[in-house]
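Chemist: A structural model of the following input is requested.
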Amino acid sequence: MPESSDSLLKKIKPSRIFIPMIIGLGVVGYLLYKEFDPKAFSMLEFTWFSLFWIVLSFVMMALRDFGYMIRLRILTGKDLTWKKIFNIIMLWEFTSAVTPSAVGGTSIAVLFLHKEGISVGKSTAIVLATSFLDELYFIIIFPLIILLIGSSDLFIIGKDTINVETLSFDNRYFYFAFIGYIIKFLFTCLVAYGLFINPKGIKWLIEKVFKLPLLRKWQNGARQTGDDLIVASAELKNQSFLFWIKTFLATVLSWTSRYWVVNCLLLAFFIVDDHVLIFARQFVMWIMMLVMPTPGGSGFAEIIFRDYLGEFVTPITLAVSMALLWRIVSYYPYLIIGAVIVPKWLKKVANQTK
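Modeler: Numbers count the residues shown, from 1 in each chain. All right, here's what the predicted structure looks like:
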């Protein structure tokens, strides 16, 4: 871990929940102010049917976390109890929610695992393995979605483009998704090569890159990353094929459950004809959120929901409200749960240090 434990722990202060909440709710408030339509809200009917699908959306998020827990249980060799694993997942998600999307919770996930009794080497291996499995899911599923849906339906938004048969490279969503996918693909290839084939070669490459003048100040951290990769490789390269199948299936359960949340929320209030397309667009949304500097993609997520999934909301003026409901289900709970768990966990860590 290039950073000290103290500097890492500063990143998970409960007070950090206010930053993404202010950004996200501020954007939603501004959009509602501009687009609020009383007539549109009067058309909504909240029924037991609506409640069922909203509850099911929370169930999807629970399944998402359960998939993560199963994967972590397998990766740790069952060395941690289910309670400890739950706490680690919540801490991890909280950190992801209060840091930029491109950084996420993995920057201090090694510390979470280590403080729960896992060695630094094995903790590093586990975090790298989870990153590898998450990115593998993306790079496999994304091309399949393109083949199944077609690029026009996936990237060209709005009624005016319904007759467009080819994808225009002027489309901003295409560039967001394409760049995000390339980043994920290259990262996955690099990690896979380093973990399973030549960790020392990747360490040498990392050290060479960070000798460049613009990157030199991060040279020590880069060297440590190379050492971590070698340790992780020793931990993971001899695992069985069945081990990787089980962890990947847990990854599929987790991410697929997350993407069905919006489908459930839309079904609570609207008639939905194309679930696969909605699922696919959520997939692209998460890729695009990679490039956002705000904590948890706050602000951008709400805007991209309105623009990218708004055509499934009738009337369109309700799209911002649906975006807020989506974030209430899939994002804000982690801020609240994390704010409850973090103080207790920090107190436990402090007592261990003493």
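Chemist: low-confidence ranges, the stretch 101-250 of the chain, go.
Modeler: 101-107, 150-173, 215 (pLDDT under 70).
Chemist: can you show me the helices along it?
Modeler: 109-115, 120-149, 151-155, 172-196, 199-209, 219-236, 241-267 (DSSP state H, counting those that start in this stretch).
Chemist: relative to helix 219-236, how tilted is the fifth one?
Modeler: With axes from the mean of the first three to the mean of the last three Cα atoms, to 10 degrees applied, the angle from helix 199-209 to helix 219-236 works out at 170 degrees.
Chemist: could you tell me the angle between helix 199-209 and helix 172-196?
Modeler: Using the same axes, to 10 degrees: helix 199-209 against helix 172-196 is 130 degrees.
Chemist: now residue 310. Nearest residue, chain neighbours left out?
Modeler: residue 319 (3.7 Å; Cβ to Cβ, 6 or more residues apart in numbering). Using the backbone N, CA and C atoms, a C-beta is placed for each residue, glycine as well.
Chemist: ok, residue 211 next?
Modeler: Nearest in space to residue 211, with sequence neighbours left out and distances taken as Cβ to Cβ, 6+ apart, is residue 219 at 6.6 Å.
Chemist: what's the separation between that neighbour and residue 227?
Modeler: For residue 219, the distance to residue 227 equals 13 Å [Cβ to Cβ, to the nearest Å].
Chemist: ditto for residue 288
Modeler: Taking Cβ to Cβ, one finds residue 288 at 33 Å from residue 227.
Chemist: who's more crowded, those two?
Modeler: Shown here are residue 288 and residue 227; by other Cβ atoms under 10 Å, residue 288 has more neighbours (23 against 14).
Chemist: so which bits of the helix or strand the more buried one falls within are buried?
Modeler: Using DSSP states H and E, residue 288 sits within helix 275-288. Buried positions in helix 275-288, judged by neighbour count with 16 or more other Cβ atoms under 10 Å: 277, 278, 279, 280, 281, 282, 283, 284, 285, 286, 287, 288.
Chemist: what of stretch 209-223?
Modeler: Buried-residue list, stretch 209-223, by 16+ other Cβ under 10 Å: 210, 222.
Chemist: related to what we said a few turns ago, got the contact list for the residue nearest to residue 211?
Modeler: 207, 210, 211 (Cβ atoms under 8 Å, 6 or more residues apart in numbering).
Chemist: one more time with 10 Å
Modeler: 206, 207, 209, 210, 211, 212 (Cβ atoms under 10 Å, 6 or more residues apart in numbering).
Chemist: skipping adjacent residues, who's closest to residue 109 in space?
Modeler: residue 127 (4.6 Å).
Chemist: these two touch, right, the one you found and residue 92?
Modeler: Yes - counting by Cβ atoms under 10 Å, residue 127 does reach residue 92; the two are 9.3 Å apart.
Chemist: residue 143: how many residues sit nearby?
Modeler: Residues lying near residue 143 (other Cβ under 10 Å) number 10.
Chemist: what of the one 4 residues further on?
Modeler: Burial of residue 147, expressed as a neighbour count using other Cβ under 10 Å, amounts to 9.
Chemist: quick one: it from residue 141, how far?
Modeler: Applying Cβ to Cβ, the value for residue 147 to residue 141 is 11 Å.
Chemist: try residue 214
Modeler: In terms of Cβ to Cβ, residue 214 sits 35 Å off from residue 141.
Chemist: now residue 337. Nearest residue, chain neighbours left out?
Modeler: Nearest to residue 337 is residue 90, by Cβ to Cβ, 6+ apart, at 5.2 Å.
Chemist: that neighbour is in contact with residue 72, isn't it?
Modeler: No - under the criterion of Cβ under 10 Å, residue 90 is not in contact with residue 72, lying 11.7 Å apart.
Chemist: give me the more crowded residue out of these two.
Modeler: residue 72 (24 against 21).
Chemist: just checking, that one touches residue 123?
Modeler: No - judged on Cβ under 10 Å, residue 72 makes no contact with residue 123 at a distance of 11.1 Å.
Chemist: what's the burial count for residue 146?
Modeler: 17.
Chemist: run a quick neighbour tally on residue 81.
Modeler: 11.
Chemist: and it, what does it touch?
Modeler: Neighbour list for residue 81: 73, 87, 116 [criterion: Cβ under 10 Å, 6+ apart].
Chemist: count of residues packed around residue 289?
Modeler: 19.
Chemist: residue 301 is in contact with that one, correct?
Modeler: Yes - using Cβ under 10 Å, residue 289 makes contact with residue 301 at a distance of 6.2 Å.
Chemist: and the angle from the host helix or strand of residue 62 to helix 241-267?
Modeler: Secondary structure assigned from DSSP H and E places residue 62 in helix 48-75. Relative orientation of helix 48-75 versus helix 241-267 (the same axes, to 10 degrees): 160 degrees.
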